[in-house]
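# how would this look folded up:
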Amino acid sequence: MTTPNPKQPVHELRVALTTGDYERLVKFYCDGLGIEPSAIWDNGQGQALVLDMGKAALEIFDEAQAETIDRIEVGNRVSGTVRFALQVPDLEAAIERLLAHGATLVHPPVLMPWGDYNARLQDPDGMQITLFQASDPGEQSKP
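Just a heads-up that it's a prediction; the model follows:
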């Protein structure tokens, strides 16, 4: 058992998506992003899997900041209360793979004020996804 770290009370962020078309969304995220599941459950009562996506963070925006990001990435306010932002090493390749697996391109890549290139897509169930390639892969991106 590990000793709790009081300076980091949360050790992992997980986002749970529920879908009416499990296989379609599994193929979209696994094949589209090239991620192998780290855990799979099929207990006869339902199916689930876990995809480790590296470091996780929770961004909390007020409406004005969400409007700003949507305006820069897309041109107008389009995302809901939840939007994924996934850092990828090759933005164009990631866009191509996700489009081939059912993504809808909401807006092609744009250069953000802080130097990253961002593109907005939508998964087959309508989840807004920002793919971004950091200007300096070793740096933390800023919203």
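# What segments of this structure are strands?
Remark: strands assigned in the chain by DSSP state E are 39-42, 47-50, 83-87, 104-111, 117-122, 128-133.
# now these in CSV, with mean neighbour count, distance to Leu13 and mean pLDDT?
For the C-beta atoms, the positions are set from N, CA and C on the backbone; glycine is no exception. Putting these into CSV (neighbours: other CB atoms under 10 Å; distance: least, CB to CB, whole Å; pLDDT from 0 to 100) gives the following:
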stretch, mean neighbour count, distance to Leu13, mean pLDDT
strand 39-42, 10, 16, 94
strand 47-50, 14, 12, 96
strand 83-87, 17, 12, 95
strand 104-111, 15, 24, 98
strand 117-122, 21, 20, 98
strand 128-133, 21, 16, 96
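# Go through the ones you listed and name the closest to Pro9.
When the strands of the chain are compared by CB to CB, strand 47-50 sits nearest Pro9, at 21.3 Å.
# now the closest one, how far from the centre of its chain.
Put simply, strand 47-50 sits 17 Å off its chain's centre (CA atoms, centre = their mean, to the nearest Å).
# could you pull out the helices for this structure?
Along the chain, the segments classed as helices by DSSP state H run 22-33, 63-73, 91-100.
# which helices and strands does the shortest one pack with?
For helix 91-100, the contact count by 3 or more CB pairs under 8 Å, 6 or more residues apart in numbering; DSSP states H and E identifies helix 22-33, strand 104-111, strand 117-122, strand 128-133 as packing neighbours.
# got it, and the longest one?
Contacting helix 22-33 under the criterion 3+ CB pairs under 8 Å, 6+ apart are the following elements: helix 91-100.
# Which residues outside the helix it packs on are in contact with it?
28, 31-34, 86, 88, 103, 105, 109, 117, 119, 121, 123, 129, 131-133 (CB atoms under 8 Å, 6 or more residues apart in numbering).
# Distance to Asn43 for the helices of the chain - can I get that in JSON lines?
Shown next, in JSON lines, are the helices of the chain (distance: least, CB to CB, whole Å):
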{"stretch": "helix 22-33", "distance to Asn43": "14"}
{"stretch": "helix 63-73", "distance to Asn43": "38"}
{"stretch": "helix 91-100", "distance to Asn43": "29"}
